[in-house]
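Novice: what follows is a predicted structure for the sequence shown.
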Amino acid sequence: MTETFADELRKATWSDHDGAEHTPYLDALMRGQLSQAGYAEMVAQHYFAYVALEAAAQSLAKDPIAGAFVRPELERVPALERDLEFLYGPDWREVITPSKSTLTYVARINQVADWPEGFIAHHYTRYLGDLSGGQVIRKIAERTYEFKDELGTSFYLFPEIPDLKAFKMGYRDWLNALDLSETQRKRMINETLLAYQLNTEVLVEIGKQLPTYLVA
Ligand code: HEM
């Protein structure tokens, strides 16, 4: 069988996926050893990244290449706002601040907002991740913090996507439908590697506070 672009992208970036997945912070979260405050810090950092990502999406909504990826059912900012209000209270906007790594990540997202394939690289890294490993994180968080009624984990819920598996398959079809030259494919793969690196750095930075976030 010939390798599709979606296969190529996944294969070229999977070891970097492992790097992001196995940061000390996510390892602690997955083991249920993270305090709720520690979990909330990741939600806060997500917020700044998704505000940038979804602003870039809006500016590319009519773009002939990136437009197909701009889907209202993926929008995460409203869900993040609900989670942050639940986790930090009504003054959440005054309480949360972007970390240094998040500012770097946001700057790169803003930089690629006029480069459709670059934007898709960041879009893929986040949303396909949220629809995949994100679902595991949601289950762990619900169990660890005894969250109820979707509070605290709305970010991982996609009520307008009834079948996540089918959606992810459709997403790969959009990737495969991109009409890219070899050079453009390589640039997009490189940008995806950068997106993984920037995400990993955000997690590593939160992880520096791990001693204060670990529960006994
Ligand atoms: C606890 C952490 C994580 C777990 C357990 C996890 C697990 C997984 C699994 C099982 C898949 C494959 C799903 C499938 O084939 O349908 C996947 C895919 C993916 N994950 Fe993660 N992941 C984690 C963290 C992350 C992070 C931090 C990112 C990026 C920032 C990420 C981005 C992705 C992407 C882009 C895919 C799609 C790959 C593809 O099929 O092309 N994941 N993840």
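Specialist: Sure, I can see it.

Novice: so which bits of the protein are right by the ligand?
Specialist: Contact residues, the chain versus the ligand (CB under 6 Å from any ligand atom): 10, 17, 20-21, 26, 30, 124-125, 128-129, 132-133, 136-137, 168, 199. C-betas here are computed from N, CA, C, even on glycine.

Novice: can you pick out the most distant pair from the residues you listed?
Specialist: Spatial extent of the residues of the chain next to the ligand (CB to CB) is set by the pair 30 and 124 at 22.5 Å.

Novice: and which of the residues of the chain next to the ligand is nearest to residue 106?
Specialist: Nearest to residue 106 among the residues of the chain next to the ligand, with distances taken as CB to CB, is residue 199, at 11.9 Å.

Novice: which residue comes closest to the closest one once chain neighbours are left out?
Specialist: residue 20 (5.3 Å; CB to CB, 6 or more residues apart in numbering).

Novice: surely that neighbour meets residue 200?
Specialist: Yes: Residue 20 is in contact with residue 200 according to CB atoms under 8 Å; the separation is 4.6 Å.

Novice: and the residue nearest to residue 143 when sequence neighbours are not counted, which of the three is it?
Specialist: Leaving aside its chain neighbours, residue 143 sits nearest to residue 32 (7.0 Å; criterion: CB to CB, 6+ apart). With DSSP: H, G, I helix; E, B strand; the rest coil as the basis, residue 32 sits in coil.

Novice: wait, what's in contact with residue 32?
Specialist: The contact partners of residue 32, taken as CB atoms under 8 Å, 6 or more residues apart in numbering, are 140, 143-144.

Novice: quick one: which of the residues you listed is nearest the ligand?
Specialist: Using CB to the nearest ligand atom, residue 140 comes nearest to the ligand of the contacts of residue 32, at 8.0 Å.

Novice: go through the longest helix seen in the chain and flag the buried ones.
Specialist: As assigned by DSSP state H, the longest helix anywhere in the chain is helix 182-207. Going by neighbour count (16 or more other CB atoms under 10 Å), the buried part of helix 182-207 is 185, 187-189, 191-203, 205-207.

Novice: weed out the non-buried ones from the contacts of residue 32.
Specialist: By 16+ other CB under 10 Å, those give 140, 144 as buried.

Novice: of the residues of the chain next to the ligand, just the buried ones, PyMOL syntax please.
Specialist: Per 16+ other CB under 10 Å, the buried members of the residues of the chain next to the ligand correspond to this PyMOL selection:
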select buried, resi 10+17+20+21+26+30+124+125+128+129+133+137+168+199
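
Novice: what is the least confident helix or strand in the protein?
Specialist: Within the chain, confidence by mean pLDDT, DSSP states H and E is lowest for helix 210-213 among all helices and strands, at a mean of 93.

Novice: ok now that one, how far from the chain's centre?
Specialist: Remark: helix 210-213 is offset 23 Å from the chain centroid, using CA atoms, centre = their mean, to the nearest Å.

Novice: likewise stretch 136-149?
Specialist: 18 Å.

Novice: going forward can the numbers begin at 226, since that is how I track them
Specialist: Done: numbering now begins at 226, and the last item shifts to stretch 361-374.

Novice: residue 438 contacts residue 263, correct?
Specialist: Yes: between residue 438 and residue 263 there is a contact under CB under 8 Å: 2.9 Å.
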